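Colleague: Structure for this input, please:
(chains A and B)
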Protein chains: 2
Amino acid sequence: MILTLAGGVGGAKLAQGLYQVLGSELTVVVNSGDDFEHLGLSISPDLDTVMYTLAGLNNRETGWGLAGETWNFMAMTERLGGETWFRLGDKDLAVHVERTRRLAAGETLAAITISMCARLGLSCAVLPMSNGRVRTMVGTDQGELAFQEYFVRRHCEPRVRELRFTGADAAAMTPEFAAAWDGSDLKALVLAPSNPFLSIAPILALPGVEARLRARRVPAVAVSPIVGGKAVKGPAAKILRELGHEVSALAVARQYQGLIDGFVLDREDAALAFQAEALGMQVLVTDTIMRDPESATVLARQVLEFAEGLR
Amino acid sequence: MILTLAGGVGGAKLAQGLYQVLGSELTVVVNSGDDFEHLGLSISPDLDTVMYTLAGLNNRETGWGLAGETWNFMAMTERLGGETWFRLGDKDLAVHVERTRRLAAGETLAAITISMCARLGLSCAVLPMSNGRVRTMVGTDQGELAFQEYFVRRHCEPRVRELRFTGADAAAMTPEFAAAWDGSDLKALVLAPSNPFLSIAPILALPGVEARLRARRVPAVAVSPIVGGKAVKGPAAKILRELGHEVSALAVARQYQGLIDGFVLDREDAALAFQAEALGMQVLVTDTIMRDPESATVLARQVLEFAEGLR
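Modeller: Below is the predicted model of the structure:
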């Protein structure tokens, strides 16, 4: 069993590669700090991105949402004067309506996700990090913003000063997450190439998770989401800069110092390998850009072999 | 000002004709006993049918829902194992989501409906009968069923024994409904060709409405929804039979005895005119089948002239 911690798009790509290699031997635990309530619906953007990607339903052009999506709900909402800054496709909406209904009926987010993944034909486990309510709040030069307000409505334009994961103190790992971690069949932990501050940090902020990672009994490896001083996708580079870090894969390695045994760098950043190794981790240099499911599978195999060699 | 009481499809057709003739001089008060909560959404089927029809957005083939509708939400809901017996189109869904959100935010059903109608370009008022919760319950040979369970899920198949309008005792007319009735500019009341038991009766069941109608100071006319012993649309004939009435326009006239001054019969039922008149109402015999908006407008003009002559 391989346990992967992931956020949205970048994490979903590597998770898809791992799924191709591992099938049911994979558990993906997804950040739920980006979750929010909108139009009365409970929306879990990262969870849905991973679920859609692993099910092969994701829209590869946009990087979010479903392929072949239609927008008639959104057009009618606009006509009625409703809020349209967060785009909800007609198919995508079914997931939010069904999830909202089932949460209201008392089911956990994990149980609902497991059931939906089964319905979509997935054989691996995709889980939210917690059934509790954790909300990423972005402290900016324009005040504190709920994550989706910052990310989607304000297009990441405000300058980030700090990040808070409200509710994380009181939220527990989902029982399935803890069980996967504690399972005797766990072989390695993989931190996907997701934003370390926005996607991985909320998972590590749950009580006990960082301590578990420090006390790990299996190898942990991370794949850098920063390549050549730029984020492959999303605001990771901008946030690194605004929080006072250098914008490089090395800054990511520093975030994970003591938490991982191996770090995967892109060939473009090969010159950083020595400095990363000085942080107490082994380094794999390879092609990390996942242009399609095939290259994600190639990377996944390399990451798994790398982790295997660290045991 | 003309005040019309209406249910779904048949009522919406005459309301559309009246709207063509009267424009902003029309107020349509719609049954909300068919309203229900489904998939966590507040759905008002009759209100939406009237709103869509007056806005020219209705689907004329199906008799419900929106023209040019798509069904991707429903298909994805089915894939996720959700409930699909009540068909919700992608555009239609925007109305339910927006209404549910605004109800949760404390707006009244009337205020939301008025706002939506304005957004859809309507110049007349379309109002729910009440902001309170009234639910039509159908007592059948298979037990008591919520209205949409009977009507949509069970296709009106169970045998009806009685109808209850739960909550009607404690529900008030919407203030806008009462104001239209009390306005010095009110010229006539029109009971649309809707199901007398399922669409008009819930409105009459609100405290004071039937008493107002008995004490009316302007003419009230009704259009028969039964033509030639058959319902033009829906289960009216079946329900008349199961409740022990003869299946004819005359049975409708008897339901309204003392409440109306004039009754509009289809030419096919001309032979019933004498018996209807014996109930203390004047009778107009004309073509009442509304095949298109034009024939609805012709009928509306005749109904208005008929009412005018009764003053």
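
Colleague: quick one: the strands in chain A?
Modeller: According to DSSP state E, chain A carries its strands in the segments A:2-6, A:26-30, A:36-38, A:41-43, A:125-128, A:135-140, A:143-146, A:160-166, A:188-191, A:220-223, A:226-227, A:230-231, A:262-266, A:282-286.

Colleague: wait, isn't residue A:29 in contact with residue A:11?
Modeller: No - taking contacts as CB atoms under 8 Å, residue A:29 lies outside contact range of residue A:11: 10.0 Å. For the C-beta atoms, the positions are set from N, CA and C on the backbone; glycine is no exception.

Colleague: For chain B, which of the strands of chain A is the nearest?
Modeller: Across the strands of chain A, chain B has its closest neighbour in strand A:41-43 (7.3 Å, CB to the nearest CB).

Colleague: So which elements touch that closest one?
Modeller: Other elements packing on strand A:41-43 under the criterion 3 or more CB pairs under 8 Å, 6 or more residues apart in numbering or on different chains; DSSP states H and E are helix A:90-104.

Colleague: one step back: quickly list what's touching both of residue A:29 and residue A:11.
Modeller: A:4-5 (CB atoms under 8 Å, 6 or more residues apart in numbering or on different chains).

Colleague: So which bits of chain A are right by chain B?
Modeller: A:39-41, A:69-70, A:72-77, A:79-82, A:89-95, A:97-98, A:100-101, A:104, A:115-116, A:119-120 (CB under 8 Å from any CB of the partner chain).

Colleague: so where is chain A shaky, pLDDT-wise?
Modeller: In the prediction, chain A carries no residues with pLDDT under 70.

Colleague: again, only using 80
Modeller: A:63 (pLDDT under 80).

Colleague: what are the ranges of the helices in it?
Modeller: A:9-22, A:45-54, A:72-79, A:90-104, A:109-119, A:147-148, A:175-182, A:201-204, A:209-214, A:236-242, A:249-255, A:273-277, A:293-308 (DSSP state H).

Colleague: ok, so what distance separates the nearest residue to residue A:71 once chain neighbours are set aside from residue A:77?
Modeller: Nearest residue to residue A:71, sequence neighbours excluded (CB to CB, 6 or more residues apart in numbering or on different chains): residue A:89, at 6.0 Å. Distance of residue A:89 to residue A:77, computed by CB to CB, to the nearest Å: 12 Å.

Colleague: before we move on, what about residue A:275?
Modeller: For residue A:275 relative to residue A:77 (CB to CB), the value is 50 Å.

Colleague: between those two, who's got more neighbours?
Modeller: Taking neighbours as other CB atoms under 10 Å in any protein chain shown, residue A:275 and residue A:77 compare with residue A:77 leading, 22 against 14.

Colleague: Surely that one is in contact with residue A:86?
Modeller: No - Residue A:77 is not in contact with residue A:86 according to CB under 8 Å; the separation is 10.5 Å.

Colleague: In a markdown table: the helices of chain A, plus distance to residue B:146.
Modeller: Output for the helices of chain A, formatted as a markdown table (distance: least, CB to CB, whole Å):
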| stretch | distance to residue B:146 |
| --- | --- |
| helix A:9-22 | 41 |
| helix A:45-54 | 32 |
| helix A:72-79 | 26 |
| helix A:90-104 | 17 |
| helix A:109-119 | 25 |
| helix A:147-148 | 36 |
| helix A:175-182 | 36 |
| helix A:201-204 | 42 |
| helix A:209-214 | 45 |
| helix A:236-242 | 51 |
| helix A:249-255 | 55 |
| helix A:273-277 | 63 |
| helix A:293-308 | 46 |
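
Colleague: Measure how buried the one residue in the stretch 101-250 of chain A that gets nearest to chain B is and give me the count.
Modeller: Per CB to the nearest CB, residue A:101 is where the stretch 101-250 of chain A lies closest to chain B, at 4.3 Å. Neighbour count of residue A:101, defined by other CB under 10 Å: 20.

Colleague: what's near enough to touch it?
Modeller: B:39-40, B:82 are the contacts of residue A:101 under CB under 8 Å, 6+ apart.

Colleague: Can you tell me which of the residues you listed are also in contact with chain A?
Modeller: B:39-40, B:82.

Colleague: Might you name the residue of the stretch 201-311 of chain A sitting closest to chain B?
Modeller: Nearest to chain B, among the residues of the stretch 201-311 of chain A, is residue A:293, at 21.1 Å (CB to the nearest CB).

Colleague: That residue contacts residue A:18, doesn't it?
Modeller: No - using CB under 8 Å as the test, residue A:293 is too far from residue A:18 to be in contact (11.4 Å).

Colleague: which of these two has more neighbours?
Modeller: Set residue A:293 next to residue A:18 and count neighbours by other CB under 10 Å: residue A:18 wins out with 28 against 17.

Colleague: so what's that one closest to, chain neighbours aside?
Modeller: Per CB to CB, 6+ apart, closest to residue A:18 is residue A:300, 4.5 Å.

Colleague: Give me the neighbour count for that neighbour.
Modeller: Using other CB under 10 Å, the number of residues around residue A:300 comes to 26.
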